[in-house]
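Colleague: this is the structure alone, sequence omitted:
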Ligand code: HEM
């Protein structure tokens, strides 16, 4: 925390992410915990989901893997954890990458079966590919010892992980706005991640200080 208050040129760039980090972590944790219900077979299932022919067993695998990535991912962006406990950063990083692999591969199985049709399926499919690719590049960069590039690719990867949060904000919002469910679902299959990725690019371009 104290590392955040050193006045320095552009220091405002270092203080707002802390607040943003808290909000992001809170939302990510809620969505992750709610999503673990599939693993325990408890709680409501959206009516369109069992229409996906790959629902069994892929949805449980997907929800569990992806929710794990969502739950642990934001820890990795805490500078204090990275600096003071690098072994924890590496261990949590391995869990995150494994969870993205499980969540991403299972998402690619589910995408062609999305009952809202090919536009929604393509949106989720493209997200799944982008998720796996950004995460894989981030791993390759750190194996090569390029910390700065690793950070940038992990920011992109986690921005895509947060598509799960965006989706669960936009869907209820679209319903409040009276948008028809199928139309909303098709649009949101794209809208849940493309702006996230653009926002991550904007954030990376604006950042003046390495961490
Ligand atoms: C980032 C890449 C992701 C892709 C490509 C993806 C793709 C999909 C697809 C195709 C479905 C089935 C939708 C349907 O049949 O209509 C689904 C459902 C689901 N996904 Fe993901 N997903 C991703 C990330 C996540 C994350 C990070 C979570 C974390 C919680 C998550 C949790 C769920 C849950 C819980 C469902 C069941 C639907 C619901 O209860 O709202 N997904 N996802």
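Modeller: It's in. Note that the structure is predicted; figures quoted are calculated from it, not measured.

Colleague: can you pull up the most central residue in the protein?
Modeller: residue 161 (1.0 Å; Cα atoms, centre = their mean).

Colleague: quick check: residues of this structure near the ligand?
Modeller: By the rule Cβ under 6 Å from any ligand atom, the part of the chain lying against the ligand is 31-32, 35, 46, 48-49, 52, 59, 62-63, 66-67, 69-70, 103, 107, 110-111, 114-116, 124, 127-128, 131, 160-161, 163-164. For every residue, glycine as well, the C-beta is placed using N, CA and C.

Colleague: any idea which helix or strand in this protein has the lowest mean pLDDT?
Modeller: Every helix and strand in the chain was compared by mean pLDDT, DSSP states H and E; the lowest is helix 12-35, with a mean of 86.

Colleague: quick check: closest non-adjacent residue to residue 155.
Modeller: Excluding the flanking residues, the one nearest residue 155 by Cβ to Cβ, 6 or more residues apart in numbering is residue 200, at 5.2 Å.

Colleague: where are the low-confidence patches of this structure?
Modeller: Residue ranges of the chain with pLDDT under 70: 1-16, 208-211.

Colleague: quick one: the strands in it?
Modeller: Under the criterion DSSP state E, the chain contains no strands.

Colleague: I'd say the residue nearest to the centre of the chain and residue 69 touch.
Modeller: Yes: if you go by Cβ atoms under 8 Å, residue 161 and residue 69 touch, sitting 5.2 Å apart.

Colleague: tell me which stretches of this structure form helices.
Modeller: In the chain, the helices defined using DSSP state H lie at 12-35, 37-40, 55-73, 79-84, 86-110, 118-143, 147-161, 163-176, 181-191, 194-206.

Colleague: how much space separates residue 69 from residue 156?
Modeller: 14 Å (Cβ to Cβ, to the nearest Å).

Colleague: of these two, which one has the most company?
Modeller: Set residue 69 next to residue 156 and count neighbours by other Cβ atoms under 10 Å: residue 69 wins out with 27 against 23.

Colleague: and the closest residue in space to that one that isn't next to it in sequence, how many residues sit next to it?
Modeller: Among residues not flanking residue 69 along the chain, residue 99 sits closest, at 3.8 Å (Cβ to Cβ, 6+ apart). For residue 99, the tally of surrounding residues (other Cβ under 10 Å) stands at 22.
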